[in-house]
Each structure stands twice: as C-alpha cells, then as structure tokens.
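Trainee: Generate coordinates for the sequence data below:
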Amino acid sequence: MTDSTDPPGILSRPLVPVASEDDAVETCRTAFPRIAAAGGRPVVVHVIEKAGGAPDKASVEQREAAAEEAFAAVRDCAADYGLDVETEVRYGTDVVDAIVAAAADADASAIVFHPRGGSWLLDLLTGDVRDRLIAESDRPVVVLPDETDDGAGAEDDQ
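Mentor: The predicted structure follows:
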C-alpha cells in the first residue's frame, strides 16, 4: 500500500514580502490567520532597493532600521496567531527579482501579499510590481483580498 500523504498546501511555506511597518501590520493581519489555519510557516522578506550606481534615497542603515521595525510588527502579529516566522532582508536593484529569488531560496510554496491601498497614483506605481510579480514568478502568487480585520486573534473586550 502506498502512502497517501497529502502534498504540502499553498500556504505551507509562503513567502510574504513587506515594504514598511504599516504594510507589515496590514499584510500580516490579512495573511497570518489564513497561514495559521493551514498550519504554515511563513518567511517574511523586506527588500532594500539599491539604486544601481545612482545615489540611494536613504542610507543603508536607515533602510535596515526600517526593515527591523517592519519585522518587529511581523513578530508581534505572528505571536497573536501562534506562528513561527522567519524574516530576511534582501538587497537588490529590482524588487521583483529580489522577491522571486528569495522565494526560490526559501523553497516557498507561494508568494503571498496584500496589495497596498491608496490613491490611483500609488496603484499605478505599485501595480507594475504586482503585475510583474504575478507574471514572472515560478511559483503561485496569492493576492489576498482587501478586508477589515474582524478581530481574529485578538482578545474580546468584556
């Protein structure tokens, strides 16, 4: 008789990119309940974009500090859902390439993200990254819906 073990699910080892502390909070509140329900173990990545020869917008130290603030928010949210989470900073001149490479290196089951809300201009600027990520990834890309946190994982007020 053969082993009928189910293959790992799409959220078993997702790579979750975050851009900032606020983005980390919003993304994790949306993604972590689903990942926890699937018994997954997320890898969260923050890409520090290098200018490729041109002056960078901020120092590496400032960007690394911002990444650590995002990761602190990730760890807080992960604790709320009982998740063990890995974090990683990546450096690159192309955010999409860095995310795809991080997913490959982590042997991620999928790339999971929550699109950032905002103005049409922000969507125009970030939409290119979203669209390229979907088109260029060699693994599933899960775009989570925009929804309000229903309090899952939080204590009820009494």
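Trainee: Check residue 128 and give its pLDDT.
Mentor: On pLDDT, residue 128 comes in at 75.
Trainee: ignore the last one, residue 1
Mentor: Reported pLDDT at residue 1 in the predicted model: 46.
Trainee: quick one, helices of this structure?
Mentor: With DSSP state H as the criterion, the chain has helices at 21-37, 60-80, 95-106, 120-136.
Trainee: so which of those helices gets nearest residue 146?
Mentor: Closest to residue 146 of the helices of the chain, according to C-beta to C-beta: helix 21-37, at 8.0 Å. Every residue, glycine included, has its C-beta placed from N, CA and C.
Trainee: on contacts alone, who are the packing partners of that closest one?
Mentor: Contacts defined by 3 or more C-beta pairs under 8 Å, 6 or more residues apart in numbering; DSSP states H and E place helix 21-37 against strand 14-17, helix 60-80, strand 110-113.
Trainee: Other residues contacting stretch 15-31?
Mentor: 14, 42-47, 66, 69-74, 77-78, 99, 102-103, 106, 108, 110-114, 116, 144-147, 149 (C-beta atoms under 8 Å, 6 or more residues apart in numbering).
Trainee: Pull out the buried residues from it.
Mentor: Within stretch 15-31, the residues scored as buried using 16 or more other C-beta atoms under 10 Å are 15-21, 23-31.
Trainee: before we move on, what about stretch 36-54?
Mentor: By neighbour count on 16+ other C-beta under 10 Å, the buried set for stretch 36-54 is 36, 40-49.
Trainee: Same question for stretch 58-76.
Mentor: For stretch 58-76, by 16+ other C-beta under 10 Å, it's 63, 66-67, 70-71, 73-75.
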